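Trainee: Sequence isn't available, so here's the structure alone:
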């Protein structure tokens, strides 16, 4: 007899298992019962094996389903990707076919925006240039206003009677007028070819620098026969005013129109008159020079 508890061989007739102390009842002592129990145990093992096989089959089936789903998913994505590429290519072809009008429109809009930007930039530059020009103009006007012109007085020397005031710094240029010997002029600026730009009696032009000096006596030497008269009455002296001539009158060594010329005395010059010599001449001095002038060209100043 097999003990149902420890599965060992037990002596028949014993009520308890000598190995585990299991209590046998009357039915357990029946061999048929033992076989029945054995069959039940075998059936349980078979059922367990069947159950394990079913689980394994379910697992394999599930794995197959998952694998199939994965394959389908990958295939769907591949097909979808190809479809998307095809769709993009078709749209690109469609854009190429339809785009000329759109491109023209976009080009027009782009040109319009570019033109507006260029116009705006040009306006800004014009405004900046205008502001700079205005500032420079104001600055120039302020500079000119603060700087008063400075003129240097020069005298005509080294000539017989007069020099020419010309329109340009050239001996071939047209003469504006004649400037008499000893006349005072206003120096404006240096020029080319040995000329000065000068102003005389409201006229501005060019004259040779070699005939102009800051000292009226620096280059002119009176003749040896020239002498100063001292036989005049100081109480009878007065200031005279040169009139009735076009540009100047001649100061001479003696009371004669044929006497040697000393210098030219410009119109409207103030001279010192010492006395009369006959009815036609006056004995005068001008800028340190003494001589005779015609009385008809002098009035009391």
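Mentor: Sure thing, it's come through. A quick note: this is a predicted structure, and the numbers were derived from the prediction, not measured.
Trainee: would you list every one of the strands in this structure?
Mentor: 152-156, 162-166, 175-180, 184-190, 195-200, 203-208, 212-213, 238-242, 248-252, 261-266, 270-277, 281-286, 289-294, 298-300 (DSSP state E).
Trainee: ok, residues contacting stretch 235-251?
Mentor: For stretch 235-251, the surrounding residues in contact (Cβ atoms under 8 Å, 6 or more residues apart in numbering) are 161-162, 177-180, 182-183, 261-275, 282, 284, 286, 289, 291-294, 296-301. C-beta here means a position set from N, CA and C on the backbone, and glycine is covered the same way.
Trainee: Next, the buried residues of that stretch.
Mentor: 240, 242, 245, 248, 249, 250, 251 (16 or more other Cβ atoms under 10 Å).
Trainee: Quickly name whichever of those is closest to residue 154.
Mentor: Comparing the buried residues of stretch 235-251 against residue 154 with Cβ to Cβ places residue 248 closest, at 16.2 Å.
Trainee: Can you report how many residues neighbour the spatially closest residue to that closest one that is not a sequence neighbour?
Mentor: In this structure, residue 248 finds its nearest non-sequential neighbour in residue 180, 3.6 Å apart by Cβ to Cβ, 6 or more residues apart in numbering. The number of residues packed near residue 180 is 24, by other Cβ atoms under 10 Å.
Trainee: again with residue 284
Mentor: Using other Cβ under 10 Å: residue 284 sits among 24 other residues.
Trainee: Spatially, what comes nearest to it if we skip its sequence neighbours?
Mentor: That would be residue 271: by Cβ to Cβ, 6+ apart, it lies 4.6 Å from residue 284.
Trainee: measure that neighbour to residue 215 for me?
Mentor: Distance from residue 271 to residue 215, counting by Cβ to Cβ, to the nearest Å: 19 Å.
Trainee: Of those two, give the one with the bigger neighbour count.
Mentor: Ranked by neighbour count (other Cβ under 10 Å), residue 271 and residue 215 place residue 271 first, with 22 against 10.
Trainee: If I follow the layout properly, the more buried one ends up in contact with residue 283?
Mentor: No - contact criterion Cβ atoms under 8 Å: residue 271 and residue 283 do not qualify, at 10.5 Å.
Trainee: Quick one: residues contacting the residue nearest to residue 22 when sequence neighbours are not counted.
Mentor: Setting aside the residues directly before and after it, residue 22 is nearest to residue 5 in space (Cβ to Cβ, 6+ apart), at 3.9 Å. Applying Cβ under 8 Å, 6+ apart, one finds that residue 5 lies in contact with 17, 20, 22.
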